[in-house]
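Undergrad: here is the input, now give the coordinates:
(chains A and B)
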Amino acid sequence: MPANTSEYLMIMPFIFLGSTILFSIIIEISIKKSEEILPWLSIISFFIVALYSLLNINNHAMLFNGMMQVGGKSAIFNFIFNLGAMLITISSIDYIKKYGTYYGEYYILIQSSVLGMMIMAGSNDLIMIFLGLELMSICFYILAGINRKKLTANEASMKYFLLGAFATGFIVYGIALIYGAAGSTNISILISNFSNLLTNIIFVTGFILFLIGFSFKIAAVPFHMWVPDVYQGSATTVTGLMSTTGKTAAFSVLIIALTAIFTLNSPNNFRNYFAVISTLSMLLGSIVAISQNNLKRMLAYSSIAHAGYMTIGLAAGNIDSIAGIIFYLAAYTFINIGAFSIISIVEGENDSHIDIDSFSGLNSKSPVLAALMSLFMFALAGIPPLAGFFGKYYVFVGAIESGLTWLAIVGVLSSVISVYFYLRVVVFMYFKEPVQNFQVEISPYALTSVIISSALVLIFGIMPDILMNIITSVIKL
Amino acid sequence: MEHMQENLILTSLLIIPIIGSVLVLFFHEEQKKIIRWFGFIISIIAFIISLIAYNQYNPAEPQFQLIHKVLWIKSLNISYHVGIDGISLILILLTTFLTPLTLLSTWKAIDKNVKMFTFSMLLLEAGMLGVFMSLDIFLFYIFWEAMLIPMYFIIGIWGGERRIYASIKFFLYTMFGSLLMLIAIIWLAVYASSQTGMFTTNLIDLYKVGPTITREIQNWMFLAFFLSFAIKVPIFPLHTWLPDAHVEAPTAGSVILAGVLLKMGTYGLVRFCLPLFPQAAVHYASFISILAVIGIIYGALVSMVQPDMKKLVAYSSVSHLGFVVLGIFAMTVESTQGAIIQMVNHGLSTGALFLLVGVLYERTHHREIEYYGGIAKIVPVYSTLLMIVSLSSIGLPGLNGFVGEFLILLGSFKSQVLNSWWYTIFAATGVIFAAVYLLWMYQRVVFGEVKNVNLFQELTDMNARELLVLLPIILMIVWIGIYPSTFLKLTEVSVQTILQNVSINTFDFLK
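TA: Here you go, the predicted structure:
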């Protein structure tokens, strides 16, 4: 247990969010109008935790005998998770009502998944990583199928659960082998002995299994098979949450696990592994996305490609590239949440209006939505001066510093490919006449969330230093 | 530490169109007239500021001037760093000169979504100005890419039938080249940090670092930059996006595309390729000059057989820009000076040709040469203007085209780098071909009997607004033709500085 008051203060975010979850459950079962209260409760608590994490970013400490760490990198991740979840919750208010899929647990599950992510990003022990991962993943499995009357949602949920459990198996087995070889699950101990342990074949096998499990969670090729169906079948807001904060959480674990490589100059023995999955993800994601007509599916493949760009940073494995990944994750989170929120606004009942044809002539229906959607598409394509560009730029700088120029070149080539399908959305919105005659009802809540996201995308694009200074100041912790 | 330099003239020049574009968004879509006037006035203000900059610029100084530098991204040591030398200045003047005229020319042609059009045009102007004044290679890249978006919308929304194809092709081609350049930029900055201990994208620092890169790597870096610029120029085998973009773009888009956007490619060659990688530039000079000469002849031959006037002018751009590239890579003061004046000439003449084709198209909605014939009797003023502009594009002595082409041919003839007469001899045939395709077009369109009786009803002569657009351009055409030293003087010292830098670094293998 924490020894004194200051340590209790440090784990406040966890305690606070945990109590919010319990409180929400009580409200859900005791108050009839819980659907009016729960979203706001979630939004407020996400906001408080995000703010608290940001303010305490320099209070770095180990807690619970080195099981958890707070402050530093984990605080940045907490900020991203909570802000992302807040934006998604804001977009959900009308979306969930519109499609009659309101179940009180929706918000409680989002809260719990965020708690899981926070544990992952703050863990300093393999067991804690596993606990956080399971908390997050199980919430996601349920959230994916939250619309239980819909066949595609059930399929998504089932597929996600089966393949997710399979990947978890890899992780657990990996942890077991690591423990067997090193005699400890504490990450600080593993890191300090990393170079020696790399000569131990059992440790290396375990570590690779661990990496494979998380490659699955970040949706990198060849562990990406679940992504398109799950992203397409789940409720749009849920997809928005999974594809952004979920990916960020998985990357936060990979960054923790690879700390030894990027700080202590331990040899980067896993460079080839990451270089290969990165190349495959970028190319496959970008190429397959070209032929997608369903926007959610297109963004699913784009998400695979983006996992590839971020993995370039892991392959490079130096301080700059890791800072680049964190920046990229933040940028990607807000861009994608904005894009998915817009899709959730345009979306009609039973998965209608999520194909690219429904977006044709959007400019004449709603110039604001069309302009913001273009902004997100250009940001995903990496056109300066938007946040997405700087994410890629930082990662490429890291790659070239590590002598991985060829990987950066693959990265830019696949960016060129990806420009085509992002532009295609813009083409439909601006250059074509509407083909489907339906009105877009803009939910003021979802629009707010879109506007906040777009503001962040612009701010991080024009003044990337605001975020980058914070990241570089804590990256070594 | 170098002290912060502050001269706000360039920044205000850059920010005026940006502010204008934002303000345009607050008008109502119906207030077309006000929006048009507003856009025009903003671009006129930008022109006036650029004249003030011209006034402050001292052409005798070899350094960059009117510098404004503010640290922008500390983590990557990137500054907002703008400044100009004579080459930048002359292209900035070209941009601010053409933009208001282009906006004025669209008052009738663009009737759909005027607000967004004005927004895009002003943003495009800011992007182009930013490209010409950036002294930080990263800042340059940002403007270079960002300006794709407004151009993409201009082609895609107000373009012709195949506009979607043309706009995507334009975007992808440029993006492909520029992303490879991005990798080269990062590589250069990382290399600079290993040499000087500072990760930097400051162009003035990189000028010192660039020539120290080993030959083999320098060749790769040069090619990455070159590819990006070559696509933009466009140099011969990479030109296929240009006819599509020109033909599908609205008149205003074509004018800006030909007038300024293509110059960004040739400007990049002078500003980056030559001084950053001098050894590689000399190494590849003859190869690139061969491509340039092929472009000159190929563009001219293809122009000759075009049935569509706009396409004819588009292909003539390939030919004319071949001269510019030849002039740059001949690397003599005359040829480079000629290349820069030729950039301006091409902007004026080809811009004017597109405007004139647009005038016909607005009235008849036909661009095929066959549709016309004998229009001299119907629209005498128009025919006269078309004659002057065509002759300027051909390179008649006394008009601007002659000055540029003559200097380029002269310079390349005695170039030590190329060291062969053949380039000049073949390039000179391009001048003859230009006379063939333009005069032949002129003859078929303007002279003879009026075969198409519709023309009598459809065609009316130039109105006051159209004259107001074209007369300033024609004035410039004559001015450069008669007294080019106004402009040559501006760039002379800058060109000498760049070429000296090249020759110092390539001293050993130029014999």
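
Undergrad: nearest spatial neighbour of the single nearest residue of the stretch 151-300 of chain A relative to chain B, skipping sequence neighbours?
TA: Per CB to the nearest CB, A:Ile290 is where the stretch 151-300 of chain A lies closest to chain B, at 11.7 Å. Any C-beta I mention is one placed from the backbone N, CA and C, and that applies to glycine too. Nearest residue to A:Ile290, sequence neighbours excluded (CB to CB, 6 or more residues apart in numbering or on different chains): A:Phe421, at 5.1 Å.

Undergrad: which residue is nearest the centroid of chain B?
TA: B:Lys263 (2.3 Å; CA atoms, centre = their mean).

Undergrad: now do the contacts for that residue.
TA: Residues in contact with B:Lys263, defined by CB atoms under 8 Å, 6 or more residues apart in numbering or on different chains, are B:Leu91, B:Leu94, B:Met343, B:His346, B:Gly347.

Undergrad: same thing but at 10 Å, please
TA: Taking CB atoms under 10 Å, 6 or more residues apart in numbering or on different chains, we find B:Lys263 in contact with B:90-91, B:94-95, B:128, B:131-132, B:232-233, B:321, B:324, B:340, B:342-344, B:346-347.

Undergrad: which of the three states applies to it?
TA: helix (DSSP: H, G, I helix; E, B strand; the rest coil).

Undergrad: need the pLDDT of A:Tyr393.
TA: For A:Tyr393, the pLDDT comes out at 90.

Undergrad: for B:Gln5, same thing?
TA: Predicted confidence (pLDDT) for B:Gln5: 60.

Undergrad: what residues are up against the residue nearest to A:Ile290?
TA: With CB under 10 Å, 6+ apart, A:Phe421 has these contacts: A:286-292, A:298-299, A:301-302, A:305, A:356, A:377, A:380-381.

Undergrad: what's the helix or strand for it?
TA: helix A:405-426 (DSSP states H and E).

Undergrad: quick check, A:Ile146 in a strand?
TA: No. Using three-state DSSP, the assignment for A:Ile146 is coil, not a strand.

Undergrad: any figure for the gap between it and A:Glu35?
TA: In this view, A:Ile146 and A:Glu35 are 14 Å apart by CB to CB, to the nearest Å.

Undergrad: neighbour count for those two, which is higher?
TA: Shown here are A:Ile146 and A:Glu35; by other CB atoms under 10 Å in any protein chain shown, A:Ile146 has more neighbours (21 against 17).

Undergrad: ok, now how distant is the more buried one from B:Thr350?
TA: Taken as CB to CB, the span from A:Ile146 to B:Thr350 is 60 Å.

Undergrad: for the closest residue to chain A within the stretch 101-250 of chain B, grab the count of nearby residues.
TA: Residue of the stretch 101-250 of chain B nearest chain A, by CB to the nearest CB: B:Leu179 (3.7 Å). Around B:Leu179 there are 26 other residues, counting by other CB under 10 Å.

Undergrad: residues contacting it?
TA: Per CB under 10 Å, 6+ apart, neighbours of B:Leu179: A:382, A:392, A:396, A:408-409, A:411-416, A:419, B:141, B:145, B:224, B:228.

Undergrad: go with 7 Å
TA: Contact analysis of B:Leu179 by CB atoms under 7 Å, 6 or more residues apart in numbering or on different chains lists A:Val412, A:Ser415, A:Val416.

Undergrad: hmm, the second one is touching A:Leu380, no?
TA: No. At 10.0 Å, A:Ser415 and A:Leu380 do not qualify as touching, with contact defined as CB atoms under 7 Å.

Undergrad: which stretch of helix or strand covers the closest residue to A:Gly233 other than its chain neighbours?
TA: Nearest residue to A:Gly233, sequence neighbours excluded (CB to CB, 6+ apart): A:Ala156, at 2.9 Å. When elements are assigned from DSSP H and E, A:Ala156 belongs to helix A:151-182.

Undergrad: do the same with A:Ile471
TA: Here A:Ile471 is assigned to helix A:465-474, by DSSP H and E.

Undergrad: quick one: the residue in the stretch 401-511 of chain B positioned nearest to chain A from B:Asp85, how far?
TA: Residue of the stretch 401-511 of chain B nearest chain A, by CB to the nearest CB: B:Asn505 (23.9 Å). Distance, B:Asn505 to B:Asp85, using CB to CB: 19 Å.

Undergrad: which one's more surrounded, these two?
TA: B:Asp85 (24 against 17).

Undergrad: show me where the chain has its strands.
TA: No chain in the question, so chain A it is. A:61-63, A:68-70 (DSSP state E).

Undergrad: try again with chain B
TA: With DSSP E as the criterion, chain B has strands spanning B:65-73, B:78-84.

Undergrad: who's in contact with the shortest one?
TA: It refers to strand B:78-84. In this structure, residues lying in contact with strand B:78-84 by CB under 7 Å, 6+ apart are B:10-11, B:57, B:64-72, B:92, B:133-136, B:138-139, B:201-202.

Undergrad: mind checking which of the residues you listed are buried?
TA: B:10-11, B:57, B:64-69, B:72, B:92, B:133-136, B:138-139, B:201-202 (16 or more other CB atoms under 10 Å in any protein chain shown).

Undergrad: and A:Phe327, how many neighbours?
TA: Neighbours of A:Phe327 (other CB under 10 Å): 27.

Undergrad: just to check, it is in contact with A:Thr472?
TA: No. Look at A:Phe327 against A:Thr472 with CB under 7 Å: they stay out of range, at 9.5 Å.

Undergrad: quick check: which ranges of the stretch 151-300 of chain A have low pLDDT?
TA: Residues of the stretch 151-300 of chain A meeting the criterion pLDDT under 70: A:264-265.

Undergrad: all helices for it, in order.
TA: A:151-182, A:187-192, A:194-197, A:201-217, A:226-233, A:236-241, A:247-257, A:259-263, A:271-290, A:295-316 (DSSP state H, counting those that start in this stretch).

Undergrad: got the contact list for residue 148?
TA: Since no chain was named, I'll use chain A. Contacts of A:Arg148 by CB under 7 Å, 6+ apart are A:Asn154.

Undergrad: that's the wrong chain, I wanted chain B
TA: B:Phe171, B:Thr174.

Undergrad: now do it against B:Thr506, distance only.
TA: 34 Å.

Undergrad: counting neighbours, what do you get for residue 390?
TA: Because you didn't say which chain, this covers chain A. 28.

Undergrad: let's do chain B instead
TA: Using other CB under 10 Å, B:Ser390 is surrounded by 25 other residues.

Undergrad: tell me the pLDDT at it?
TA: 91.

Undergrad: over to B:Ile235?
TA: For B:Ile235, the predicted pLDDT is 89.

Undergrad: residue contacts, it?
TA: Here B:Ile235 is in contact with B:Leu291, B:Ala292, B:Gly295, B:Val325 (CB under 7 Å, 6+ apart).

Undergrad: what sits against the last one?
TA: Shown in contact with B:Val325 (CB under 7 Å, 6+ apart): B:Val233, B:Ile235, B:Thr266, B:Ile288, B:Ala292.

Undergrad: so which of those are in helices?
TA: B:Thr266, B:Ile288, B:Ala292 (DSSP state H).

Undergrad: which residue packs closest to residue 178, ignoring adjacent ones?
TA: Picking chain A for this. A:Gly206 (4.0 Å).

Undergrad: switch to chain B, that's the one I care about
TA: Using CB to CB, 6+ apart, the nearest residue to B:Ser178 is B:Ser228, at 4.9 Å.
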